[in-house]
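Enquirer: Below are the sequence and a predicted model for it; my questions follow.
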Amino acid sequence: MPIRIDDELPAKQNLEIENIFVMSNNRADTQDIRPLKIIILNLMPTKLDTETQLLRLLSNSPLQIDVDFLQVKTHESKNVSKSHMDKFYYVFDDIKENKYDGMIITGAPVEHLEFEEVDYWDELCDIMEWSKTNVYSTFHICWGAQAGLYYHYGIQKKRLDKKLFGVFPHKCLDVTHPLMRGLDDEYFVPHSRYTTVSMHDIAQVRDLQVISYSDMAGVHIISDMVCRQFFITGHSEYDRDTLAKEYFRDKAKGIDIDIPYNYFPNDDERLVPIMSWKSTASLIFSNWLNYFVYQKTPYDLTDL
């Protein structure tokens, strides 16, 4: 089934080229069903890429989904035009009276800052507080996961000695958890970050459960006990070339960066990277949409 997005969103053409089913607003309005309402708070600098990545994964389910995009008004995006943001993105004041089945909060390149030093931190706190009553299930990614764990549970991030960068093997810690259904015993997820959260700190919070872990990359997926908040430290939504773009960008800037782990064949940066995480990403997002949004959210969102 399709995702429903604005006809003029640039991601629409990219998804149609990939044979992804997207539906125009006019066509969707004629269908007598209630679609899921998902809002994406996109904090990534590469907003157009992130739009396509997330919409691609949200489309891999038998559900019709209406997607809204949200920006923070206290920070001006530098890598996308103002006209794009004005046309396709809401600010919090526009949607704060709305109810949503699900929300995605992306990562952001602000790990070097303390949370309170981020220029939009207060606004993000308002949005996360709002999500507790106006969103049924929230899916936090990378820095968004660290910010969510800090805001909701007081868990502080920890700086790593060097950038965690590459595609790492993971395993389920709870094979019966619905979010993990269909995943292999070992599966791969990209990571690109300078900070982490520790298993020890999470274990001190009775309301949290770690359901996915990597011996090399550490904690991967954390859930609250009622499965309305998920915190994911990796980037399974990444494209094949996303880590390569980061790697070559940093090299060009003279930054001392290791070649991404388990990414280029034979660690030869001239070769096309192996994409070993596509099915994992599809399953995780589809499981979230099905088991923790569609199956549990009330038909009438005013009942949230």
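Expert: In hand now; what should we look at?
Enquirer: From here on, just use CA atoms for contacts and neighbour counts.
Expert: Noted.
Enquirer: Using neighbour counts, pick out the buried residues of stretch 294-304.
Expert: 294, 297, 301 (16 or more other Cα atoms under 10 Å).
Enquirer: Contacts made by that stretch with the rest, please.
Expert: 34, 36, 99-101, 133-136 (Cα atoms under 8 Å, 6 or more residues apart in numbering).
Enquirer: Now distance to residue 260, secondary structure and pLDDT too, for those residues, in TSV please.
Expert: Formatted as TSV, the contacts of stretch 294-304 follow (distance: Cα to Cα, whole Å; DSSP: H, G, I helix; E, B strand; the rest coil; pLDDT from 0 to 100):
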residue	distance to residue 260	secondary structure	pLDDT
34	43	coil	77
36	36	strand	92
99	40	coil	96
100	37	strand	96
101	36	strand	96
133	40	helix	95
134	39	helix	96
135	36	strand	97
136	36	strand	96
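Enquirer: contacting residues for residue 197?
Expert: 146, 155-158, 219 are the contacts of residue 197 under Cα under 8 Å, 6+ apart.
Enquirer: now it: how far from residue 156?
Expert: Noted for residue 197: a distance of 7 Å to residue 156, by Cα to Cα, to the nearest Å.
Enquirer: what's the farthest-apart pair in the contacts of stretch 294-304?
Expert: Pairwise distances across these (Cα to Cα) peak at 20.2 Å, for the pair 34 and 133.
Enquirer: that older thread, would you list the buried entries among the contacts of stretch 294-304?
Expert: Buried, going by 16+ other Cα under 10 Å: 36, 99-101, 134-136, out of the contacts of stretch 294-304.
Enquirer: Name the nearest residue to residue 260, sequence neighbours excluded.
Expert: Sequence neighbours aside, residue 166 is the residue nearest to residue 260 in space, at 4.2 Å (criterion: Cα to Cα, 6 or more residues apart in numbering).
Enquirer: try residue 57
Expert: residue 282 (5.8 Å).
Enquirer: What mean pLDDT does the one helix or strand the one you found maps to get?
Expert: Element membership of residue 282 [criterion: DSSP states H and E] is helix 278-287. The pLDDT scores in helix 278-287 average 95.
Enquirer: now that helix, how far from the centre of its chain.
Expert: Mean-position distance between helix 278-287 and its chain equals 12 Å (Cα atoms, centre = their mean, to the nearest Å).
Enquirer: Give me the contact list for it.
Expert: 57-58, 60-61, 178-183, 187-189, 236-237.
Enquirer: Go through that helix and flag the buried ones.
Expert: 278, 280-287.
Enquirer: One more: stretch 227-243?
Expert: Quick answer for stretch 227-243 (16+ other Cα under 10 Å): 227-240, 243.
Enquirer: what does stretch 193-209 give?
Expert: Here stretch 193-209 shows 193-197, 202, 208-209 as buried, counting by 16+ other Cα under 10 Å.
Enquirer: which regions of this structure sit below the pLDDT cut-off?
Expert: 1-5, 12, 15-16, 18-33 (pLDDT under 70).
Enquirer: Show me where it has its strands.
Expert: 3-4, 22-23, 36-41, 65-70, 89-90, 100-105, 135-141, 158-172, 187-196, 208-214, 218-224, 229-232 (DSSP state E).
Enquirer: can you redo the ones you listed as TSV with distance to residue 127?
Expert: Listed next are the strands of the chain as TSV, based on distance: least, Cα to Cα, whole Å:
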stretch	distance to residue 127
strand 3-4	23
strand 22-23	28
strand 36-41	9
strand 65-70	10
strand 89-90	13
strand 100-105	10
strand 135-141	10
strand 158-172	24
strand 187-196	23
strand 208-214	21
strand 218-224	18
strand 229-232	14
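Enquirer: Brilliant, that's me finished.
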